[in-house]
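Novice: fold the stuff below for me.
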Amino acid sequence: MDAREKILEAAAALLAEAPVADVSTRAVCEAAGVGAPMLYRLFGDKAGLLAAVVDRGFEEYLASKRAARPGADPVADLRSGWDNHMRFALSHPNHYRLMYSPELTAPPAAAREAHDLLHAILERCAAAGRLTVPPALATRMIMSANVGAALSMLTRPEQYPDPDFSARLRDAVFDSLTRPAAPGHTDDGVPVAAATLAARLRADPAATFTQAESALLHQWLDTLAEGP
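Specialist: Numbers count the residues shown, from 1 in each chain. Below you'll find the predicted structure:
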């Protein structure tokens with residue numbers, strides 16, 4: 001095992017046992033059997049170390065999401081994604097709280113990838129005519145609600161005794177952003193139609209447009225999708 005892996009393993013073990021989502025670099029160095037210069041050479045600073053620890057802790061979770069095969073119903077995949085996110089957060093409280101800690105000056109790569117994976121599902125929802133707002137906006141809304149709920153339940157569990165709280169919030173958020181599948185339904189309204197067309201064009205770009213024309217068309221569609 002090289003020095004980098006020793007440091008990450010030591011930091012992850014200390015983080016799992018810590019009463020708060022934090023570890024000291026001195027404790028990590030002692031547990032890994034390395035000097036502080038080695039730690040700072042490999043990770044830059046404490047924030048760099050903690051970001052690497054988060055990415056390591058989230059790897060198994062993200063690997064399962066990468067490997068997941070899209071289902072026939074993208075909204076069902078969206079619900080499953082919310083539930084999996086919540087299960088991981090509650091099972092790995094310190095890693096999760098650290099991921100969203102203000103002490104990290106740059107978000108870990110895991111946070112960016114989780115955001116991108118959610119956005120990809122929402123693009124599918126939009127292409128299926130199931131989304132009522134643009135995918136980018138829906139991504140921000142769902143991620144904010146999911147992360148906020150998880151952090152609230154982790155830091156103030158006594159205020160969230162209802163075991164169905166997460167599911168209730170999930171359904172309330174999704175009901176505001178999605179519409180039921182309705183074969184033969186044509187009265188989607190301009191925002192839904194614009195969001196659907198934009199998503200379908202991103203999935204299968206029109207070869208008849210130049211790059212500039214495509215960019216302008218997407219700008220118009222996104223504006224229409226946001227509604228009045």
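Novice: next SSE downstream of the helix or strand of the chain with the lowest mean pLDDT?
Specialist: Ranked by mean pLDDT, DSSP states H and E, the helix or strand of the chain with the weakest confidence is helix 189-203, at a mean of 78. Remark: after helix 189-203, the chain's next helix or strand is helix 211-225, criterion DSSP states H and E.
Novice: would you mind getting the angle between that next one and helix 189-203?
Specialist: With axes from the mean of the first three to the mean of the last three CA atoms, to 10 degrees as the basis, helix 211-225 and helix 189-203 are set at 150 degrees to each other.
Novice: show me what stretch 198-213 is in contact with.
Specialist: With contact meaning CB atoms under 8 Å, 6 or more residues apart in numbering, stretch 198-213 is reached by 123-127, 131, 134-135, 214, 217-218, 221-222, 225. All C-beta atoms are positioned from the backbone trio N, CA, C, and that covers glycine.
Novice: give me the buried entries from those residues.
Specialist: Buried subset of the contacts of stretch 198-213 (neighbour count, 16 or more other CB atoms under 10 Å): 123-127, 131, 134-135, 214, 218, 221-222, 225.
Novice: can you list the weak-confidence ranges in this structure?
Specialist: The chain contains residues with pLDDT under 70 at 21, 182-188, 228.
Novice: helices of the chain, residue ranges please.
Specialist: 3-17, 25-32, 36-43, 46-67, 74-91, 93-99, 109-127, 135-155, 165-177, 189-203, 211-225 (DSSP state H).
Novice: who are the packing partners of the fourth one?
Specialist: On a contact count with 3 or more CB pairs under 8 Å, 6 or more residues apart in numbering; DSSP states H and E, helix 46-67 meets helix 3-17, helix 25-32, helix 36-43, helix 74-91, helix 93-99, helix 109-127.
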